[in-house]
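> Task: produce atomic coordinates for the following.
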Amino acid sequence: MPSQPRRSAFFWFVVLACPAYAALAVFTTHVLVRDFRHTKDAGWTARADDTGWFVATIDPAGAAAGRLERGDRLSALNGDTRAAVLGPSFFVNVPIGETYRVDLERRDRRVSVELLLRVGPGRQLWTVFLIVSMAFFVSGSVLGLLRPRDAQVRLFSALTMTVAFGTILETLSAPRP
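Numbers count the residues shown, from 1 in each chain. Next up is the predicted model:
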């Protein structure tokens, strides 16, 4: 009985990446279905510079309209000063539909404002990210399984699978302005 050629290490890498990606895709699909129409809408955005986070834009129809001013420096969110470093990503800890306190520095004065964190328009675009991610992963993994010894195919396969993982992780991230 002739011996079969040994499979390359890249072949086994692709074989191991497939269930990891499948599990991530199932989890991402669950999150998208659960939160499809629920995103946090603070009504304002922030930008960072060397000295901290500042209010960049204010939605005229949002909860922050008339209460925050462009250029206000973020000091704390619900009393937690880590928000001054982490910025708007700290909204992960604020439940939708509840009020939160924003501590700001405005013209060398400390100001506290209570705002309602509204439900935003949803994550409709994230479904497209999930589909694109799956297309990239399937194409990359199929090529990697069919031609694991070809260096150019390995490179293309690894790149497309990396893009797939990055895109699916983007679907799980909080919406960013």
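
> Could you use CA atoms for every contact and neighbour count after this?
Noted.

> Show me what counts as buried in stretch 135-149.
Residues Phe136, Phe137, Val138, Gly140, Ser141, Leu143, Gly144, Leu145, Arg147, Pro148 are the ones in stretch 135-149 that count as buried (16 or more other C-alpha atoms under 10 Å).

> what do you get for stretch 43-52?
Quick answer for stretch 43-52 (16+ other C-alpha under 10 Å): Gly43, Trp44, Thr45, Ala46, Arg47, Ala48, Gly52.

> Quick one: distance of stretch 41-54 to the chain centre.
17 Å (C-alpha atoms, centre = their mean, to the nearest Å).

> Do me a favour and get the end-to-end distance for it?
17 Å (C-alpha to C-alpha, to the nearest Å).

> what does that stretch rub up against?
55-65, 70-74, 84-85, 87-88, 116-120, 177 (C-alpha atoms under 8 Å, 6 or more residues apart in numbering).

> Which residue ranges make up the domains of the chain?
9-37+123-172, 40-119 (automatic domain parsing).

> would a markdown table of the ones you listed with mean pLDDT and distance to Ser3 be doable?
Listed next are those as a markdown table, based on pLDDT from 0 to 100; distance: least, C-alpha to C-alpha, whole Å:
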| stretch | mean pLDDT | distance to Ser3 |
| --- | --- | --- |
| domain 9-37+123-172 | 91 | 18 |
| domain 40-119 | 85 | 56 |
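
> Mind checking what secondary structure the closest residue in space to Ala164 that isn't next to it in sequence has?
What sits nearest to Ala164 in space, not counting adjacent residues and going by C-alpha to C-alpha, 6 or more residues apart in numbering, is Ser133, at 4.3 Å. The three-state assignment at Ser133 reads helix, by DSSP: H, G, I helix; E, B strand; the rest coil.

> I'd say Ser133 and Val163 touch.
Yes. Here Ser133 reaches Val163: they are 7.2 Å apart, a contact under C-alpha atoms under 8 Å.

> ok, these two, which is more surrounded?
Ser133 (25 against 17; other C-alpha atoms under 10 Å).

> which ones are touching that one?
Ser133 neighbours (C-alpha under 8 Å, 6+ apart): Val163, Ala164, Phe165, Thr167, Ile168.

> change it to 7 Å
Residues near Ser133 by C-alpha atoms under 7 Å, 6 or more residues apart in numbering: Ala164, Phe165, Thr167, Ile168.

> which parts of the helix or strand where Leu155 lies are buried?
Assessed by DSSP states H and E, Leu155 sits inside helix 151-172. Within helix 151-172, the residues scored as buried using 16+ other C-alpha under 10 Å are 153-154, 156-158, 160-165, 167-172.
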